[in-house]
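Peer 1: got a sequence here, can you build the structure:
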Amino acid sequence: MDNKIQITICLGSSCFSRKNRDVVSALQEYISNNKLDNDVHLKGGHCFGKCSLGPIMFVEEDIYHEITPQKAIAIVETYLNKK
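Peer 2: Below is the predicted model of the structure:
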């Protein structure tokens, strides 16, 4: 069974216009720099229907909105500390 933390970033157009690519880039860099490939699975998802709250990020079953690169990393660190 995969024990990685599952992170999904919305790649819908509304989140894209709210700079979700910056969040994706920051998380990719964070995962790479900290050698977390075995701990974290980062993927994109389609619109989650919460466009006005974007960018949207799911970690496991939890949803986070108005994500910035800094917020995203802080949230992921919280989950890593629980492992």
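
Peer 1: in the protein, which helix or strand is least confident?
Peer 2: helix 13-17 (a mean of 88; mean pLDDT, DSSP states H and E).

Peer 1: list the buried residues for that one?
Peer 2: For helix 13-17, a neighbour-count test (16 or more other CB atoms under 10 Å) marks 14-15 as buried. Using the backbone N, CA and C atoms, a C-beta is placed for each residue, glycine as well.

Peer 1: so what touches that helix?
Peer 2: 9, 47, 51-52, 54-56 (CB atoms under 8 Å, 6 or more residues apart in numbering).

Peer 1: check stretch 25-39 too.
Peer 2: Contacts for stretch 25-39 (CB under 8 Å, 6+ apart): 4-5, 7, 9, 40, 42, 69-70, 72-73, 76, 80, 83.

Peer 1: low-confidence stretches in this protein?
Peer 2: Residues of the chain meeting the criterion pLDDT under 70: 1-2.

Peer 1: if we use 90, what do you get?
Peer 2: Applying pLDDT under 90 to the chain flags the ranges 1-3, 13-17, 46-51, 54, 82-83.

Peer 1: which stretches in it count as helices?
Peer 2: 13-17, 20-33, 69-82 (DSSP state H).

Peer 1: so which of the ones you listed is nearest Asp62?
Peer 2: When those are compared by CB to CB, helix 69-82 sits nearest Asp62, at 8.5 Å.

Peer 1: buried residues in the closest one, which are they?
Peer 2: For helix 69-82, burial by neighbour count (16+ other CB under 10 Å) applies to 69, 71-73, 75-76, 79.
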